[in-house]
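In: would you be able to build a 3D model of this:
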Amino acid sequence: MTGKKPSTRASTEGSVTGEKSPAFRRTFASLVRYGLLLESDLKLPSVTCLVAEQPIRGSWWAHPQAHAIFAVNCLLADHPDVLIAKLISGKVTFVHRPLWEAIFAVALAHEPWQVEDLSKSARALLDRVAPGRRGPDRPSSVQSHEG
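Out: Below you'll find the predicted structure:
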């Protein structure tokens, strides 16, 4: 026994939907090319369109290629060079490693557009996890004493 944690990748190795499958290779090559892919979208590059080789209207779960789409999503999720975040239009987005630094910079910036519409409870949580942040709701006297 190796002591390694099983992953979703193990269940798809060697299958027609594994990392050697044309669907995964085509999808991963597009991720490398564009830097990010949506899980599902009609207009922007997405896993669903790449695997199905056509735009999918409605839920991709009902598509004949649903199992292959799910398998490619799992392989991407397990890949060490892929980050998953809800970015474009709040949709699941796969981000290739070269863009991670930019994603983290934006995530940690706490710019006004990121925090101005937060609820009171969300602001309280942000204050707890990032007490030194700068933002529109922080008085300058507080900001000057933290820095």
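
In: quick one: residues contacting residue 48.
Out: Taking C-beta atoms under 8 Å, 6 or more residues apart in numbering as the criterion, residue 48 is in contact with 39, 40, 41, 56, 60, 63, 69. C-beta here means a position set from N, CA and C on the backbone, and glycine is covered the same way.

In: with residue 31 instead?
Out: Residues in contact with residue 31 (C-beta under 8 Å, 6+ apart) are 37, 76, 82, 94, 96.

In: closest one to residue 121 out of those, please.
Out: residue 94 (30.0 Å; C-beta to C-beta).

In: against residue 36, how distant is the closest one?
Out: Noted for residue 94: a distance of 6 Å to residue 36, by C-beta to C-beta, to the nearest Å.

In: who does the helix or strand hosting residue 94 pair up with?
Out: If you go by DSSP states H and E, residue 94 is part of strand 92-96. Counting by DSSP bridges, the strands paired with strand 92-96 are strand 36-38 (antiparallel), strand 82-86 (antiparallel).
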